[in-house]
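K.L.:
any chance you can model this:
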Amino acid sequence: MRIGVVTFPGTLDDRDALRAIAQVGGEPVALWHADDTLHDVDAVVLPGGFSYGDYLRAGAISRFAPVMGRVVDAANGGMPVLGICNGFQILCESHLLPGSMIKNAHRSFICRDQPLRVENSATAWTSEFADQEVIRIPLKNQDGQYVADERTLAQLEDENRVVFRYVAGATHGPAGFEENPNGSRHGIAGVTNERGNVVGLMPHPEHAIEPGFGPDEPDRGTRTGTDGRRFFTSVLGSLVS
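P.N.:
Predicted coordinates:
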C-alpha cells in the first residue's frame with residue numbers, strides 16, 4: 001500500500017514518517033506541498049514541524065497549499081489521513097477536523113514521553129489498539145492546546161470522536177501540567193472525523209516505532225517504545241480489509 005507523506009516548508013518529521021511506513025511494510029511516497037496530485041497513494045500523513053514558520057497560526061498557511069486541495073477531496077471521499085502535531089493543526093485549519101490549536105497554557109515548549117489513553121479504536125489509524133489501553137508516545141509542541149466551543153466538545157464526546165486523551169504518568173513536564181501537558185480542553189490529545197478515516201493527534205507516533213529508540217517503559221526500566229508502530233500497521237490493515 002502506498003502511503004504519502006507531505007512536506008511543507010518548515011516540516012521537520014517527514015523523513016521519520018516515511019521511515020515508519022517503510023518499517024511496517026508500506027510503500028512510502030514523498031509528496032510536496034506544491035503538488036497538484038497525490039500520486040495514486042492509498043493514505044496520507046501530514047507530519048510534524050513548523051510549516052511556513054507557523055506564521056499567522058500554526059497550520060493556517062498550509063491549508064492553502066495546492067496539495068491540500070487534493071488531500072481534502074480525498075479525505076472527504078474516505079481516504080485515511082493522519083495529522084501529527086503540525087499536521088493535526090493543518091487538519092483543523094482545513095476543517096477536516098473540528099476545533100483549533102493554540103499555544104500551550106504554560107506558554108512553554110514541551111518535550112517528553114507522554115502517556116495516552118486510547119478512547120476510540122475504531123478508526124482507520126487505531127484498529128490495532130484496545131479501548132482504554134494506555135500507550136506511551138513522544139510529545140513535543142508549543143501550540144498544542146486543543147480548544148473548541150462547548151457544543152463541539154459535547155458532540156465529540158457524545159459521538160465517541162475523542163481518540164486519545166492525556167493521562168498521568170509523564171515526567172519532566174511543567175509544574176502543574178503533569179497530567180494535561182498543554183491545557184487542552186477535556187484532556188484531548190487527538191480526535192477523528194465522523195467517518196473515522198481522518199485522525200489528528202499532537203504526540204508523535206513516528207518516533208516510537210522500534211525497540212531501543214522509543215519512550216522508556218517505566219515498569220521495566222527499558223526502552224521498547226514501539227506503541228507508535230501500531231498507527232501504521234492499523235492503516236495498512238484497514239486498506240486491505
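K.L.:
point out where this protein drops to low pLDDT.
P.N.:
Along the chain, segments meeting pLDDT under 70 span 169-178, 216-224.
K.L.:
check contacts around the nearest residue to residue 203 once chain neighbours are set aside.
P.N.:
Leaving aside its sequence neighbours, residue 203 sits nearest to residue 137 (Cβ to Cβ, 6 or more residues apart in numbering; 3.9 Å). Every residue, glycine included, has its C-beta placed from N, CA and C. Listed by Cβ atoms under 8 Å, 6 or more residues apart in numbering, the contact set of residue 137 reads 113-114, 116, 203-205, 207-208, 215, 227-228.
K.L.:
which of the residues you listed fall in strands?
P.N.:
Among the contacts of residue 137, the members falling in strands (DSSP state E) are 113-114, 116.
K.L.:
and the closest residue in space to residue 38 that isn't next to it in sequence, how far from residue 194?
P.N.:
Closest residue to residue 38 apart from its sequence neighbours, by Cβ to Cβ, 6+ apart: residue 70 at 5.0 Å. The gap separating residue 70 from residue 194 is 21 Å, by Cβ to Cβ, to the nearest Å.
K.L.:
distance of residue 192 relative to residue 60?
P.N.:
22 Å.
K.L.:
my bad, residue 102
P.N.:
Residue 102 sits 12 Å away from residue 60, going by Cβ to Cβ.
K.L.:
what's the answer for residue 164, then?
P.N.:
Distance of residue 164 to residue 60, computed by Cβ to Cβ: 23 Å.
K.L.:
what of residue 201?
P.N.:
For residue 201, the distance to residue 60 - Cβ to Cβ - is 19 Å.
K.L.:
those two - which one has more neighbours?
P.N.:
Taking neighbours as other Cβ atoms under 10 Å, residue 201 and residue 60 compare with residue 201 leading, 27 against 18.
K.L.:
skip the chain neighbours and tell me the closest residue to that one.
P.N.:
Using Cβ to Cβ, 6+ apart, the closest residue to residue 201 is residue 190 (3.0 Å).
K.L.:
which strands or helices does the strand or helix carrying that neighbour pack on?
P.N.:
Assigned by DSSP states H and E, residue 190 belongs to strand 188-192. In terms of contacts (3 or more Cβ pairs under 8 Å, 6 or more residues apart in numbering; DSSP states H and E), strand 188-192 is packed against strand 110-118, strand 145-147, strand 162-166, strand 198-201.
K.L.:
what strands flank the first one, and is each parallel or antiparallel?
P.N.:
With DSSP bridges as the criterion, the sheet partners recorded for strand 110-118 are strand 134-141 (antiparallel), strand 162-166 (antiparallel).
K.L.:
list the contacts of the helix or strand residue 235 falls within.
P.N.:
In this assignment (DSSP H and E), residue 235 forms part of helix 229-240. Helix 229-240 is contacted by residues 1, 3, 20-21, 23-26, 42-43, 80, 82, 123-129, 205, 208-210 when judged by Cβ under 8 Å, 6+ apart.
K.L.:
what angle do that helix and strand 110-118 make?
P.N.:
With axes from the mean of the first three to the mean of the last three Cα atoms, to 10 degrees applied, the angle from helix 229-240 to strand 110-118 works out at 50 degrees.
K.L.:
only alpha carbons, please: show helix 229-240 as PDB.
P.N.:
Output in PDB follows, covering the C-alpha atoms of helix 229-240 (Å, rounded to 0.1, in the frame of the first residue of the first chain):
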ATOM      1  CA  ARG A 229       4.200   1.400  15.200                       C
ATOM      2  CA  ARG A 230       0.500   0.300  15.500                       C
ATOM      3  CA  PHE A 231      -0.700   3.500  14.000                       C
ATOM      4  CA  PHE A 232       0.900   2.500  10.700                       C
ATOM      5  CA  THR A 233       0.000  -1.200  10.900                       C
ATOM      6  CA  SER A 234      -3.500  -0.200  11.700                       C
ATOM      7  CA  VAL A 235      -3.900   1.800   8.500                       C
ATOM      8  CA  LEU A 236      -2.300  -0.900   6.400                       C
ATOM      9  CA  GLY A 237      -4.900  -3.400   7.800                       C
ATOM     10  CA  SER A 238      -7.700  -1.000   7.100                       C
ATOM     11  CA  LEU A 239      -6.600  -0.600   3.500                       C
ATOM     12  CA  VAL A 240      -6.600  -4.400   2.800                       C
END
